[in-house]
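> the following comprises the amino acid sequence and a computationally predicted model.
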Amino acid sequence: MEDSKSHTRRDFIRILSMGALAGLSMGSLACTRDAVEEFLQKGFQEMTEEEKKQVIRRLEAKYLKKYGKAFHISTQPADTGVLWGYGLDLSRCIGCRRCVYACVKENNLSRTNPQLHWIRVIRLKKGSLINLENSEHYYNPETVPEPGFMYMPVQCQQCENPPCVRVCPVKATWKEPDGIVVVDYNWCIGCRYCIAACPYKGRVFNWAEPNIPSAELNTEVHYLGNRPRMKNVVEKCTFCIQRTKQGRYPACLEICPTGARKFGNLLDPNSEIRYLIENKRVFRLKEDLNTEPKFYYFFSA
Amino acid sequence: MEAWRFFKKTVNMVFFGTRGYYLWCAFLLTIIGVAITFYIDQLDAGLIVTNMRDQVSWGLYIGNFTYLVGVAAAAVLLVIPAYIYHFDPIKEIVVLGELLAASAIIMALMFVLADLGRPDRFWHIIPFIGTLSFPKSLLAWDVIVLNGYLVLNTLVPIYILVKSYFGKEPNKKFVIPLVLLSIPLAVGIHTVTAFLYNGLAARPFWNASILAPRFLASAFCSGPALAIIIFQILRKTAGMKIKNEALFKISELIAYSMFINLFLLGAELFKEYYTGTIHLAPMEYLYQGLHGHNSLVPWIWSAMFMNITAFVIFLIPKTRENLITLNIGSLFIIVGVWIEKGLGLIVPGFIPDPLGEIYEYMPNITEIFVSLGIWAFGLLIFTLFMRIAIPIQRGDFIHSKYAKATIRRQYERIKP
């Protein structure tokens, strides 16, 4: 209590003196201009191609300075004729959470304070699937799988009718033509209405400046995907748009040791995901809410 | 010349007063000062310094916001009888009621700002400059109606006060339409605020059509109860003329509203408990505790006790028309509804979360001090409003043409 108080006072004085310094020194003009440009930056959807290039240049310089690493930030638009869908075989999932941590690494998620995950694996007693109130989020046995339990990974379901997009007061989040729901981290005002609206806990918030060890940063990033975020903005799973736009699978699928995860184009009649939907008994989470998820759970055995 | 005189006298009234006035302002300014240091820390470190997390992503700030929108909406309860039915004892206090509403709206908007992660990007929400998502997002609706209501509730009292300063009656053709407009708008701000939560299928606790009616019923209890207390303070300290009859009339209206509020609560409890689906869980958490988590249970039962006691007090004419029991009832309602519409409404919406996790939330020291600071700021604004408005209404502060030649030191009598 006493500590936090003196800390506050120190911060207050620091901010005051920093403000005075910034005001006095004309040498810092260049960095001030960047701050002003960032402040006035338009929403991604409203930018022209030229403005996008400018923003990327500024961001890459900023990341280089901040993390000491050269980033490549893509703004590659969504392909036409593609609608991404995901399949998850619940009879194969063993609850090892490798997908959780592969996602954290691939997508530059904050490791501690706050520790953020885009995938959450919940443990359910066999015999109860719909009432998630019986789920265990923090199971921690010596080995998985455990007898009598099943595991259900949940991440953003990329709804066709996403309630999170509907509620955003500033259009900082939207559904791309390929069906992926993305966030413009530089436009989000941090009101967290989308978190309240999501029935799948598909969104998490950067309650503080993200903590990522420099050595573990992934520098191949997409503007609307895994680029490093800032404090007090929301973020979510994008099925790894930085990978899928290059014809690669999402990181969670690649790491899965049991092959429980499937991914593909719903518009392509020959895709694996279409095969699953037509030949397996699939279901979607909370279908009664009419969110139309593009994330299909099924049991192969 | 006259404008300069008005300005000079206003400054004089604001900066010079009795010891009590200085103490009150110093008290509020101290709280505001402490709150600012906590808020700067929150801006610097991020919202991690609060107890909100992904599971419970709104807390004390949004609870206070909801409560204060209700207080502001309740100004209509004073406006309706005064303008439509010409109930004279209430008419005198309408201007003050509207200024109370304006102060409440300012506080409500400050609570949203305190909750906002990126206040530096506030401009994104401004229509035409940013990209306000109207009409899709209910939050966009709320921004519009709250600001409209704020403008209306400052415009009307200021107009009436300026007219009185010049010793004239307000132009009815101008005022009445605005006042009539403020009535649906008052219902509107609270309905829209209810719909904000109501429209989320992910949160069964809020996704009940009874929410908006309950919001209105409870607001028409807490707002007038606050007015009853404040008007008595102003009567004692600022020599404001308010008849007991007016207070009793307001308390009678509270009794009806509280009956409706309790009835709607009963209807909700019946539906949830009798059907007993898994959507009962948030209500179980609130009233009984869920899987051993029960930090809100003592709060909600205190609120229940206070609301029912106040209802009985306000129902019986004898206790309603006794200033002591009237004040006890008013305080009970102010606190009872604050619990019910604050933490009691916001937190259970998030418990259990959509994947069944339970994260128990209680506000921490940062959230409590920032909230106290906003309340103190609102009270300070209201005090300053009253500092100017009451002398004008009383006819003590008036255009030099109409003022008596002998300058009385009337402002010295004014205490907050």
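Happy to help now that I have it.

> tell me the spacing between the residue of chain A found nearest chain B and B:I125.
Nearest residue of chain A to chain B, counting by Cβ to the nearest Cβ: A:G190, 2.0 Å away. In this view, the C-beta of every residue, glycine as well, is placed from N, C-alpha and C. A:G190 is 11 Å from B:I125, where distance means Cβ to Cβ, to the nearest Å.

> which residues are in contact with each of those two?
The contact sets of A:G190 and B:I125 do not overlap (Cβ atoms under 8 Å, 6 or more residues apart in numbering or on different chains).

> where does chain A have its least confident helix or strand?
Least confident helix or strand, chain A: helix A:2-24 with a mean of 52, by mean pLDDT, DSSP states H and E.

> just how off-centre is the helix or strand that that helix is followed by within its chain?
Where DSSP states H and E defines the elements, the next helix or strand beyond helix A:2-24 is helix A:29-40. Helix A:29-40 has its C-alpha centroid displaced from the chain centroid by 27 Å (Cα atoms, centre = their mean, to the nearest Å).

> buried residues, helix A:29-40. List them.
For helix A:29-40, the neighbour count (16 or more other Cβ atoms under 10 Å in any protein chain shown) marks no residue as buried.

> and it, what does it pack against?
Using 3 or more Cβ pairs under 8 Å, 6 or more residues apart in numbering or on different chains; DSSP states H and E as the contact criterion, the elements in contact with helix A:29-40 are helix A:49-67.

> give the rounded mean pLDDT of the one helix or strand B:I374 maps to.
In the assignment (DSSP H and E), B:I374 maps to helix B:365-394. The predicted model assigns helix B:365-394 a mean pLDDT of 94.

> against which helices or strands is the helix or strand hosting B:A114 packed?
In this structure, B:A114 sits in helix B:94-115 according to DSSP H and E. The contact analysis (3+ Cβ pairs under 8 Å, 6+ apart) places helix B:94-115 against helix B:60-73, helix B:75-84, helix B:138-165, helix B:172-198, helix B:211-237, helix B:365-394.

> could you redo the last one with a cut-off of 6 Å?
Contacts defined by 3 or more Cβ pairs under 6 Å, 6 or more residues apart in numbering or on different chains; DSSP states H and E place helix B:94-115 against helix B:60-73, helix B:75-84, helix B:138-165, helix B:365-394.

> beyond the longest helix along chain B, next helix or strand please.
Longest helix in chain B by number of residues (criterion: DSSP state H): helix B:244-275. Downstream of helix B:244-275, the first helix or strand assigned by DSSP H and E is helix B:281-287.

> could I get whichever helix or strand comes after that next one in CSV with only the CA atoms?
Per DSSP H and E, the first helix or strand lying C-terminal to helix B:281-287 is helix B:297-315. C-alpha atoms of helix B:297-315 as CSV (Å, rounded to 0.1, in the frame of the first residue of the first chain):
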residue,chain,number,x,y,z
VAL,B,297,-24.1,-12.7,-1.5
PRO,B,298,-23.9,-10.5,1.6
TRP,B,299,-24.1,-7.4,-0.7
ILE,B,300,-27.2,-8.4,-2.6
TRP,B,301,-29.1,-9.4,0.6
SER,B,302,-28.2,-6.1,2.2
ALA,B,303,-29.6,-4.4,-0.9
MET,B,304,-32.7,-6.5,-0.7
PHE,B,305,-33.2,-5.6,3.0
MET,B,306,-32.7,-1.9,2.4
ASN,B,307,-35.0,-1.8,-0.7
ILE,B,308,-37.8,-3.6,1.1
THR,B,309,-37.5,-1.6,4.3
ALA,B,310,-37.5,1.6,2.3
PHE,B,311,-40.5,0.5,0.3
VAL,B,312,-42.5,0.0,3.6
ILE,B,313,-41.3,3.3,4.9
PHE,B,314,-42.4,5.1,1.7
LEU,B,315,-45.7,3.2,1.5
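
> what comes up buried for helix B:297-315?
B:W299, B:I300, B:A303, B:M304, B:M306, B:N307, B:A310, B:F311, B:I313, B:F314, B:L315.

> ok, residues contacting that helix?
Residues external to helix B:297-315 that are found in contact with it (Cβ atoms under 6 Å, 6 or more residues apart in numbering or on different chains): B:251, B:254-255, B:258, B:286-287, B:289, B:319-320, B:325, B:329, B:332-333, B:335-336, B:339-340, B:344.

> for B:N207, state which of the buried residues of helix B:297-315 is nearest.
Using Cβ to Cβ, B:I300 is the member of these that lies nearest B:N207, at 19.5 Å.

> follow-up on the earlier one: just want the angle from the helix holding B:I374 to helix B:60-73.
Helix B:365-394 runs at 20 degrees relative to helix B:60-73, counting by axes from the mean of the first three to the mean of the last three Cα atoms, to 10 degrees.
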